[in-house]
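Novice: A structural model of the following input is requested.
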Amino acid sequence: MRNLLTIERSVAGTTSTEVPDLPLSAIAWGGSEDSLICTHGPSESEAVVELKRVNKNGQSVPIASWDASPSPSPSLPCDRILALHYFPDTSSICVIFAAGDIVVIQEDPTPEVNKIEIVGSVDEGITAAEWSPDEEILAITTGASTFLLMTREFEPIVDVTLSPNDLNASKHVSVGWGKSETQFKGKRAKAMRDPTVPEKIDEGVLSPHDDNATRISWRGDGEYLALSSVEDSKRRVIRVYSRDGSLDSVSEPVDGLEGPLSWRPVGNLMAGIQRFPERLDVVFFERNGLRHGEFTLRIPTDKVNDERILELLWNYDSSALAICFKDRVQLWSMGNYHWYPKQELIYPKGYHVAQHNLCVKWHSEKPLRLALGLGESIISYEFSWSVFAGSPRPPDDHGILAVVDGTTLKLTPLRVANIPPPMALREVELKSTPVDVAVSPTGRLIAVLRDNALDLIRWDFAKNKLVSGPTLTSNIMELDPGQYFRHISFADDATLGVVHDMKKGSVLQVISIPNNGQAILKCTHEFQNGATVVRLGGVPDHKSLFYQDTERKVYLYDTENKSAKYITQLPAICPWLEIAFYQEMIFGLSGDGRLYVNSKPIASNCTSFTITPAHLIFTTTRHFVKFVHLYDNYQDLDIPGDDPSSDERCRSIERGARLVQVMPTKFALTLQMPRGNLETIYPRALVLAGVRRSIEAKDYLPAFLACRNHRVDLNILHDHASRQFIELVELFIDQVKKIEYIDLFLSQLREEDVSRTMYRETLQSTGAPEPSNQIDTPNRLKSKVNTICDAFLNVLLPKRLSSNLQNIITAYVCKTPPDHDAALLLIGDLREKNLELAEEAIQHVCFMSDVNKLYDNALGLYDLDLTLMVAQQSQKDPREYLPFLQKLQEMEITRRKFTIDDHLNRPAKACAHLHDLGDEVFDELKSYVVKHELYSTALGLYKYSPDKLQVIMGLYAIFLEGVSRYPDAGLAYESLGDYSQATQCYRRAGLWQEALFAAIQVPYSAEDLEELSSSLAEALCESKDYQSAATIHMDHRGDVEEAAKVLCKGCHFGEAMRLIGKHGAPELLETVVDAGLAEGFAQSSELIADCKRQLKAQLDRIRELRTKKEENPLAYFDGVAEEDAPDNVSLAPTNASTSASLFTRYTSGGAQTAMTGTTRRTFKNRRREERKRARGKKGSVYEEEYLVSSIGRMIEKLDSVRDETKSLLEGLVRRRMRERAIALQGLMEGVLGSLEGCVWEVFEEAGEVVNPETGAEGGGKRAVPIIKKFDGVGIL
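Specialist: As a prediction, this is how the structure comes out:
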């Protein structure tokens, strides 16, 4: 789909100055500034050679001149130049003559170096010469049929004689595969001849038009070269030599093979010319000399004998093949295995190039830069690949593509017919090959710029409906034959801009196109400072044109006011240029892949781009297509990253794909693969942009169809503008109309807000804050799905019941949870009015739901007729449900409801129906309550019947006691007045206050009450509730001594001393309090001393372990140290065996785990690992974690005894045991101080907790405990 467009053309005059009328004999590119080296002479009259440099601005600078040698052969009137080559690294020029001289000229010689030097000479003369692509080897053939390879310093590498015996190097066998004879035509036709024998075997018959010249062509990498020469005046042979001069292969015989030869730089094929009586073919050879395809040149049969192909030249990147004729140069390219003539450079009228003075050169670094020497001038062309495409602006985005195929213009509107090249929907035959093609904004006009002629093609899509083809009007305007017209573009459907070059700069002609007749020149605009236009484009919104000149400046030309306005200056020349539809925002792509917006670079790896009214779309070298939202300010452009999984603006594409056309109306993007085939995709960015536009325009049908066709979640129809959708549900129904479409939408509803998740809007808001997309505040707590379904039901019921009954049923069923009861009730009501509709509704609801559950729902409505209708739609055997339904039909209504609810496992409702049956079924109700544990329900039913309420409560109390809910059972018994049972339940629950109260209410005897209070106090001491136990001893037993002992045991020394003082028993101070203080001091001292010893031992071990791990981690984790690895163990990774790693001891997996690559621990294995971790065995991987955890537990333990220790200290001081108090406080402060000093070392360096599930660190970072200061007794 790509065409060659001339973006720059410069003409430089060059004539000889030393001797007049010396012909231009050779050209070569001369360095990085796009200057040229050219030679004039020698001629028949003057054996003088003049060497010049022609700069880009057209200025000629003489370099050197000298006398040439005499003619090497009587057949040549004078010597001629075979090769001219410039070496930029040494600023030297090598000229090779047919007479045999090899001359090196220094452009800027030093004093000790000669400017002109003949470095060698071949006596027999030279027939062909060519430098290798890396400029290190020179290949030469001589008049003595020898082949030489020389180094850059002209030292010989090899000298080979071209012998007829070389033809035996490759013995080719052709079996005729692919010929018509080998194709199956039926049994008889197949038996007529041997298909392996071709009809005619080529013998290599020499073409009568062969020039007998020798040619050399190198492969692009310089490893091989091809040499084409005539062998014994009988056959032309192509020999292939390696870089060291060894013969690699010889071509197979080809009749009519002529001299031109060019090896494609990418290396796969060599191109040559084969002449037939009726045609000329470009034929291809592989390196082994075998034929590999061909294509026919488009020459009329009657002119074949008059045509001569002088040379074939591949460009630098092998994308274009130049075929040089006597009067023109054709540029061909291949796509999808079809060869297209893309450009035709015609020489001035009457000028013909002879073989010996052909001057055509491709640039060695710029693939599409070509120099053409014609007489006294050198024309330099620069081309770019361009897609001649129609407007991507809706509604005129027909996807029109125009492809140049010689004199045939192939037209395809992709929106109508996605036809891959080389085919096309329509073809228009022209009089000559187009220079440029432009499509009007509406696509109805196509302007074709040919050599000095302008054609117009009319193709009205609206009227013709593509039934009739396009109509061509040739020469709607005669162009000046003295100017070179190269660019054309529409400003609007009635205005056309054409650019042509003059001697200095370019000129823009604005042409008016009437509906009928010839075009009219409207105005002419000359560019400032003699600038040359690089690119021309149209701006339909403003009836303007934009152009870029060679100074990188971009202007907007108003065709109405006839004035140019400066927009911006790009950082580089951009062969590909587009302008935003609504702003002066210029997008340009340079030759090195940099994409600019005005002067700002936005991408450095771009391969192609296009724009739509909403997006900039471009492809990258990393094989992504990206979508950028367009804003008023180009500084706000947000370029997406390479993340196609989470960003709709980025999508992966096939390697090397380039943009061809975009059709926003169809949400389609067409890409062309490197081979040439087309692929149309529907990117999420385009689809969602179109869906959002339709929703915002309240046009729901196109939005729905787009979602349906492109598999977009239909929830976006609501989520993108939820409030609007709820308000316009009726409009949605009216637009979508189809019952199945509305059902599809309702059935796909879910709670997720897709506008914030999978289809998150990437277009930044530039104006006022965006209104909330959420449903109104009162409904936010309500389910989104239910809100939408209710909105549909409000619209559909009751006025659309008959027309949209299916949608109503769907709305009920799609709620969360499904409202089957409402749907069935609606069907039940409808059954009385319209049985046919009711049956259809039953079928639909059964289709959308589990019919077995629906049967239960219908049964739960107590409507047996409706239940029967549902059952008939199921797969149930009538014998399964008919007897049951008949039995229900015979029952009294309340008993029937009880039976149904009991059958449906709805015991609460069933219990209510039993209650409704009256007192005579109370015994049945009691059994039912006990069976289903419906005590709370029954209590509610009999709240106004005290007697029955007492019976139910008694049953409830028994149940609670039976399930060990003793506190509740005690309350139940107490409410019934059964204090004896209540006492037992309270006692078991540990509620000593309630138990003693209930016992007193029984009443208990003094002995029983003593026994009860004693057991309660003992139980409280075991649970360490010493104060409650002391209260029982004092209030219920009157035992001061026992109460004081209990308080001292709990370190409540102050309360114990208060009781002793209150009850006047000072003797107990020594016997009870002092003894308790001594016991508490001994226990606390021992505990703190143990903690101190433990801290020292464990801290030393932790430091030791960490030192080992730091010195040799592999050995620490049970691995093999690197220096100890055995020599006979392979360290290459395999699936069958693995070497030890840092996690070997964590995973402890076997070979099966290693091979599967997954961890499959059983519950038993996990428990084993947890036990190992809990033990923290010395030397195990869990030891350090165990030690750290142990210190943490010690800190928690010390924190738990702080209050007890302080109370003990106060008691020691009060009882004049100061020394013990000082010692104990010192111990406590000492161990806490030691912990404070090492806590950060222990916990901060511990890393992460080892996770027993995965066997690796990752259980979370340990928190460093806070060591609080001990608040002891101040007087100590």
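Novice: how's the protein carved up into domains?
Specialist: When the chain is parsed into structural domains using automatic domain parsing, the resulting residue ranges are 12-121, 683-765+776-817, 942-1038, 1082-1121+1138-1261.
Novice: mind putting the ones you listed into a markdown table with distance to residue 632 and mean pLDDT?
Specialist: No exception for glycine: its C-beta is placed from N, CA and C like everyone else's. As requested, the domains of the chain are exported to a markdown table (distance: least, C-beta to C-beta, whole Å; pLDDT from 0 to 100):
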| stretch | distance to residue 632 | mean pLDDT |
| --- | --- | --- |
| domain 12-121 | 39 | 89 |
| domain 683-765+776-817 | 12 | 91 |
| domain 942-1038 | 72 | 91 |
| domain 1082-1121+1138-1261 | 49 | 74 |
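Novice: what about stretch 806-825, how long is it end to end?
Specialist: Start and end residues of stretch 806-825 are separated by 15 Å (C-alpha to C-alpha, to the nearest Å).
Novice: by contact count, what packs against the helix or strand in which residue 1097 is found?
Specialist: Taking DSSP states H and E as the criterion, the element that holds residue 1097 is helix 1075-1111. Other helices and strands packing on helix 1075-1111, by 3 or more C-beta pairs under 8 Å, 6 or more residues apart in numbering; DSSP states H and E, are helix 1040-1049, helix 1053-1062, helix 1113-1116, helix 1183-1200, helix 1202-1214, helix 1218-1244.
Novice: the same query, at a cut-off of 7 Å, please.
Specialist: helix 1183-1200, helix 1202-1214, helix 1218-1244 (3 or more C-beta pairs under 7 Å, 6 or more residues apart in numbering; DSSP states H and E).
Novice: for residue 565, find the nearest of the domains of the chain.
Specialist: When the domains of the chain are ranked by proximity to residue 565, the top entry is domain 12-121, at 27.8 Å, counting by C-beta to C-beta.
Novice: could you report the neighbour count for residue 364?
Specialist: Look at residue 364: counted by other C-beta atoms under 10 Å, it has 16 neighbours.
Novice: wait, it touches residue 31, no?
Specialist: No: applying C-beta atoms under 7 Å, one finds residue 364 not in contact with residue 31, separated by 10.6 Å.
Novice: return the residues in contact with the closest residue to residue 1055 other than its chain neighbours.
Specialist: Nearest residue to residue 1055, sequence neighbours excluded (C-beta to C-beta, 6 or more residues apart in numbering): residue 1047, at 5.1 Å. Residue 1047 makes contact with 1026, 1030, 1055-1056 under the criterion C-beta atoms under 7 Å, 6 or more residues apart in numbering.
Novice: now residue 996
Specialist: Contacts here follow C-beta under 7 Å, 6+ apart; on that basis residue 996 touches 1013, 1036.
Novice: before we move on, what about residue 1212?
Specialist: For residue 1212, the residues meeting the contact criterion (C-beta under 7 Å, 6+ apart) are 1077, 1081, 1220-1221.
Novice: now it. Nearest residue, chain neighbours left out?
Specialist: Across the structure, with C-beta to C-beta, 6+ apart as the measure, the residue nearest residue 1212 apart from its sequence neighbours is residue 1221 (3.9 Å).
Novice: show residues contacting stretch 9-21.
Specialist: For stretch 9-21, with C-beta under 7 Å, 6+ apart as the criterion, the contacting residues are 22, 24, 38, 40-41, 46, 48, 50, 52, 54, 56, 58, 60, 62, 65, 376-381, 484, 486, 501.
Novice: just stretch 227-242 next, same as before
Specialist: Applying C-beta under 7 Å, 6+ apart, the external contacts of stretch 227-242 come out as 141, 147, 162, 164, 166-167, 204, 206, 210, 212, 214-216, 223-226, 247-251, 253, 257, 259, 261, 270, 285, 287, 289.
Novice: next, the buried residues of it.
Specialist: 227-231, 235-241 (16 or more other C-beta atoms under 10 Å).
Novice: ok, now stretch 973-989?
Specialist: Residues 973-974, 978-979, 981-987, 989 are the ones in stretch 973-989 that count as buried (16+ other C-beta under 10 Å).
Novice: which one of those residues is nearest to residue 370?
Specialist: The shortest approach to residue 370 among the buried residues of stretch 973-989 belongs to residue 989, at 103.1 Å (C-beta to C-beta).
Novice: residue contacts, the closest residue to that closest one other than its chain neighbours?
Specialist: The shortest distance from residue 989 to any non-neighbouring residue, by C-beta to C-beta, 6+ apart, is to residue 966 (3.8 Å). For residue 966, the set of contacting residues under the criterion of C-beta under 7 Å, 6+ apart consists of 985, 988-989.
Novice: gap between residue 966 and residue 983?
Specialist: When C-beta to C-beta, to the nearest Å is the yardstick, residue 966 and residue 983 sit 11 Å from each other.
Novice: where exactly do the strands run in the stretch 901-1050 of the chain?
Specialist: In the stretch 901-1050 of the chain, no segments count as strands under DSSP state E, counting those that start in this stretch.
Novice: now do the stretch 551-700 of the chain
Specialist: Going by DSSP E, counting those that start in this stretch, the stretch 551-700 of the chain shows strands at 553-558, 563-569, 576-579, 586-589, 595-597, 600-603, 606-611, 615-620, 624-629, 650-652, 658-663, 668-672, 678-681.
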